[in-house]
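Peer 1: quick check, what structure comes out for this input:
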Amino acid sequence: QVQFVESGGGLVQPGGSLRLSCAASGFTFSGYDMSWYRQTPGKERELVAAISSSGIPTKYIDSVKGRFTIYRDNSKNTVYLQMNSLNAEDTAVYYCNAGWYAARTFGNIQYWGNGTAVTVSF
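Peer 2: Below is the predicted model of the structure:
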């Protein structure tokens with residue numbers, strides 16, 4: 001069973017930092033690109049950052065470039081998202097998944113974890 005377990009979210013003041021973690025299981029983690037997504041109420045889930053299976057290259061949406069860093073530890077089947085200089089627009093539920101352009105399916109099923117909520121506010 002493919003599983004994604006996100007953690008590390010919370011309440012942080014503007015300008016602060018958080019590190020999100022995503023533990024993946026049920027597939028050969030080191031063989032897949034991985035991505036972080038985020039979603040706010042009433043909006044579609046958007047891909048925020050992606051990392052190749054080897055760790056290089058990476059990509060980011062424009063609004064987080066220079067502030068967020070995605071990296072992975074294939075020995076721990078875990079992908080991370082270091083978020084710095086957070087602002088209110090980063091408030092969302094963050095999810096991880098396999099894939100570079102879109103979430104991969106496994107056996108024609110797209111799996112999602114519960115996500116981890118990030119709130120940026122005073």
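Peer 1: state the mean pLDDT of stretch 94-109.
Peer 2: Averaged over stretch 94-109, pLDDT sits at 95.
Peer 1: which strand or helix spans the residue sitting nearest the centre point of the chain?
Peer 2: The centroid of the chain falls nearest to residue 36 when counting by C-alpha atoms, centre = their mean (2.3 Å). In this assignment (DSSP states H and E), residue 36 forms part of strand 34-39.
Peer 1: what lines up beside that strand in the sheet?
Peer 2: strand 46-51 (antiparallel), strand 92-98 (antiparallel) (DSSP bridges).
Peer 1: and of those strands, who's closest to residue 22?
Peer 2: Of all the strands paired with strand 34-39, strand 92-98 sits nearest to residue 22, with 3.4 Å by C-beta to C-beta. Just so you know, the C-beta spots here come from the backbone N, C-alpha and C atoms, and that holds for glycine as well.
Peer 1: for the closest one, C-alpha coordinates in CSV please.
Peer 2: Extracted in CSV, the C-alpha atoms of strand 92-98 (Å, rounded to 0.1, in the frame of the first residue of the first chain):
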residue,chain,number,x,y,z
ALA,A,92,-2.2,26.1,3.1
VAL,A,93,-2.3,22.4,3.7
TYR,A,94,0.9,20.8,2.2
TYR,A,95,1.0,17.4,0.6
CYS,A,96,3.7,15.3,-1.0
ASN,A,97,3.5,12.8,-3.8
ALA,A,98,5.5,11.0,-6.3
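Peer 1: run the chain-centre distance for it.
Peer 2: 4 Å (C-alpha atoms, centre = their mean, to the nearest Å).
Peer 1: ok so, going back, give me the distance from the strand holding residue 36 to the chain's centre.
Peer 2: Distance of strand 34-39 from the chain centroid (C-alpha atoms, centre = their mean) equals 4 Å.
Peer 1: how about stretch 1-15?
Peer 2: On C-alpha atoms, centre = their mean, the centre of stretch 1-15 falls 8 Å from that of its chain.
Peer 1: again, but for stretch 64-83
Peer 2: On the basis of C-alpha atoms, centre = their mean, stretch 64-83 sits 8 Å off its chain's mean C-alpha point.
Peer 1: tally of neighbours for the nearest residue to residue 68 once chain neighbours are set aside?
Peer 2: Take residue 68 and drop its neighbours on the chain: the residue closest to it by C-beta to C-beta, 6 or more residues apart in numbering is residue 83, 5.2 Å away. By other C-beta atoms under 10 Å, 26 other residues sit near residue 83.
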